[in-house]
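Colleague: Build me a model from this:
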Amino acid sequence: MKTIKNLSLVFLAFVTLWSCSDDDDATTPTTTQELNIVETAQATPSLSILVEAVVQAGLVDALSASGSRTVLAPTNDAFTAFLQANGFATLADVPNDVLQEILLNHVIDDANIMSSDLAGATGYTNTLASGPNSTNLSIFWDGTDGVTFNGASSVALADISTSNGIVHVVDAVIDLPTIATFATTNPALTNLVAALQYADTGMPTVPYIDTVSDATAGPFTVFAPTDAAFGNLLVELEVDALTDIATSTIDAALTYHIVNANVQSSMLASGPVTTLGGDLTADATLFTLTDVNDRVSNIVTTLVDIQAVNGVVHVIDNVLLPQL
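Modeller: Coordinates of the predicted model:
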């Protein structure tokens, strides 16, 4: 709370000084020119490392340009923690191309998103950071208790208006997301995470948790069954928990949900879809997948193309299975 208070006082003091007119010239109207995103950060001592990062990454012009954008601005403490966690002694030790992608992962283009737009809900949007096949990376926001992004960064000071967008000060640098990032932060996918962890205790086809957490792996496409889908499977198999099923069976099922390529929804064509476990049949018109048992799963249209650095996630409403 002290950080929020200090930041608020800084902005209040700056706006007050900016707005003051010369007392000796009472007849001259006062005009206030709103600062752009970069100027706003420059006027805020707690964002000085962010300013250094923007300069180092060559993004000053991009973030000063007119238009609409939402910027998540990490504090100095957030950058210090990020540097320490990644083994960098100083900001200058971060390669410029890496730093640029990290910063772009904090920019949502063509949208002035207020905290009230996120309150009481969860969802995904895209940042300007680049993923496989020149796609834009996704970011998961959760407004059910404050506002957090990718489960790691919370808004400390919201809704700072600038001439070219909205700034939200955040308490952690938002690293480039992996498939694991989105699986573990979405509360509707907890059973999928449990299934991956359980399969890893046996002799899995791939080390699931390590693979989906590895930013350099893949890229993969993951069809991610919801918690409700896993619940329905347990009822169908007449068992109480995933651990009542052999790890080899869970492993075989999971392979039917992974494609060894980054397949976004626009690339989905009707016909065979080759997974690590075998072929599914896709219907690009109905947006469905059918396994060898004629089990049909709908691809949830509001949760497609959740893009990570190591692949893309599509949420589905039924668990796909190998030959029964």
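Colleague: After the lowest-mean-pLDDT helix or strand in the chain, heading C-terminal, what element do we hit next?
Modeller: In the chain, the helix or strand scored least confidently by mean pLDDT, DSSP states H and E is helix 2-19, which has a mean of 42. Counting by DSSP states H and E, the next helix or strand C-terminal to helix 2-19 is helix 37-42.
Colleague: Which elements pack onto that next one?
Modeller: On a contact count with 3 or more Cβ pairs under 8 Å, 6 or more residues apart in numbering; DSSP states H and E, helix 37-42 meets helix 48-56, helix 60-64, strand 69-74, strand 153-162, strand 165-170. In this view, the C-beta of every residue, glycine as well, is placed from N, C-alpha and C.
Colleague: Now distance to residue 211 too, for the ones you listed, in a markdown table please.
Modeller: Shown next, in a markdown table, are the helices and strands packed on helix 37-42 (distance: least, Cβ to Cβ, whole Å):
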| stretch | distance to residue 211 |
| --- | --- |
| helix 48-56 | 31 |
| helix 60-64 | 34 |
| strand 69-74 | 28 |
| strand 153-162 | 25 |
| strand 165-170 | 29 |
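Colleague: okay, those in a markdown table with distance to residue 107, mean neighbour count and mean pLDDT next?
Modeller: Shown next, in a markdown table, are those (distance: least, Cβ to Cβ, whole Å; neighbours: other Cβ atoms under 10 Å; pLDDT from 0 to 100):
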| stretch | distance to residue 107 | mean neighbour count | mean pLDDT |
| --- | --- | --- | --- |
| helix 48-56 | 10 | 19 | 98 |
| helix 60-64 | 7 | 16 | 97 |
| strand 69-74 | 6 | 24 | 98 |
| strand 153-162 | 13 | 19 | 97 |
| strand 165-170 | 9 | 24 | 98 |
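Colleague: Out of these, the one nearest residue 93 is which?
Modeller: Residue 93 sits nearest to helix 48-56 of all the helices and strands packed on helix 37-42, at 10.7 Å, using Cβ to Cβ.
Colleague: residues contacting residue 219?
Modeller: Residue 219 is in contact with 131-133, 261-262, 309-312, counting by Cβ atoms under 8 Å, 6 or more residues apart in numbering.
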